[in-house]
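Chemist: prediction below, plus the sequence it came from.
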Amino acid sequence: GGSEARFAANMTARARELGMTDTRFANASGLPDPRHRTTARDMARLSQALWNDFPEYYHYFSTPTFSWRRATGRNHNHLLGTVDGVDGIKTGYIHDSGFNIVTSVRRANHHVVAVVFGGRSAPARDARVRSLIDNNINIAAVKRTAPPVVEGWETAMARKDHIDKDKKDKEKDDDRTGSAPVRVASVTRASSDAPVP
């Protein structure tokens, strides 16, 4: 981009191309800046794009530790290795939005992305995302698709719709795939579509 400001503008433009309509980047690092904006829905979309567009690099998200020169860094995603199927993606903490996580999970061919913003602590954030995973992994898609993002309060409706569809499909045809159009994103703030700094 020639400058950090132009690079951030390019990042924002790319975010729009990915359907991240409520995201604005202000710098290249992601360090706090009052002009940064995003939503859980947009982070779920970014996660899908990472998985779909860069599968050859995706394994880096599940790296437990790495060494560079004399320093060793560790992954801050405490769900890796403790929650079955978790393979990434990103944790973070910023004072204005609390403890955050974007997590990808694959179990028995089901794939779900769970996003939590605004955790009061890392353990509270992790407990919330564990709950999202456990409550939604069995209704998640089994095909590699780009289904719609479902907000936390909508998962109960999606689960009911899936069960109703399941019953109808069983009546029609025993040879069904069992996939459901669900990806999960959750925000612990008042409005699930409100931009979160």
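Modeler: Alright, I've got the coordinates.

Chemist: tell me which residues of stretch 16-36 are tucked away?
Modeler: Applying a neighbour-count criterion of 16 or more other C-beta atoms under 10 Å, the buried positions in stretch 16-36 are 20, 23-26, 36. For glycine as for every other residue, the C-beta is placed from the backbone atoms N, C-alpha and C.

Chemist: I should have written stretch 57-73 there, sorry.
Modeler: For stretch 57-73, by 16+ other C-beta under 10 Å, it's 58, 61.

Chemist: and if you look at stretch 74-84?
Modeler: For stretch 74-84, by 16+ other C-beta under 10 Å, it's 75, 77, 79-80, 83.

Chemist: tell me the one of the residues you listed nearest residue 105?
Modeler: residue 83 (7.2 Å; C-beta to C-beta).

Chemist: isn't that closest one up against residue 137?
Modeler: No. Taking contacts as C-beta atoms under 8 Å, residue 83 lies outside contact range of residue 137: 10.0 Å.

Chemist: my guess is residue 122 contacts residue 78. True?
Modeler: Yes. Contact criterion C-beta under 8 Å: residue 122 and residue 78 qualify, at 6.9 Å.

Chemist: what touches both of the two?
Modeler: Listed contacts common to residue 122 and residue 78 are nil; contacts here mean C-beta atoms under 8 Å, 6 or more residues apart in numbering.

Chemist: any weak-confidence spans in this protein?
Modeler: 143-197 (pLDDT under 70).

Chemist: tell me where it has strands.
Modeler: 65-68, 71-74, 86-94, 98-107, 110-119, 149-151, 183-185 (DSSP state E).

Chemist: about what we covered before: make TSV from the buried residues of stretch 74-84 and add distance to residue 95 to it.
Modeler: TSV is the format used below for these (distance: C-beta to C-beta, whole Å):
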residue	distance to residue 95
75	22
77	20
79	23
80	25
83	27
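
Chemist: between the residues you listed, which sits nearest residue 116?
Modeler: For those, the nearest to residue 116 is residue 79 (11.0 Å; C-beta to C-beta).

Chemist: what bridges to the closest residue to the closest one other than its chain neighbours?
Modeler: In this structure, residue 79 finds its nearest non-sequential neighbour in residue 86, 4.4 Å apart by C-beta to C-beta, 6 or more residues apart in numbering. Taking DSSP bridges as the rule, residue 86 bridges to residue 105.

Chemist: what is the burial count for residue 120?
Modeler: 11 (other C-beta atoms under 10 Å).

Chemist: wait, what's in contact with the nearest residue to it once chain neighbours are set aside?
Modeler: Once flanking residues are discounted, residue 120 sits nearest to residue 98: 6.3 Å by C-beta to C-beta, 6+ apart. If you count contacts by C-beta under 8 Å, 6+ apart, residue 98 has them with 117-120, 125, 188.
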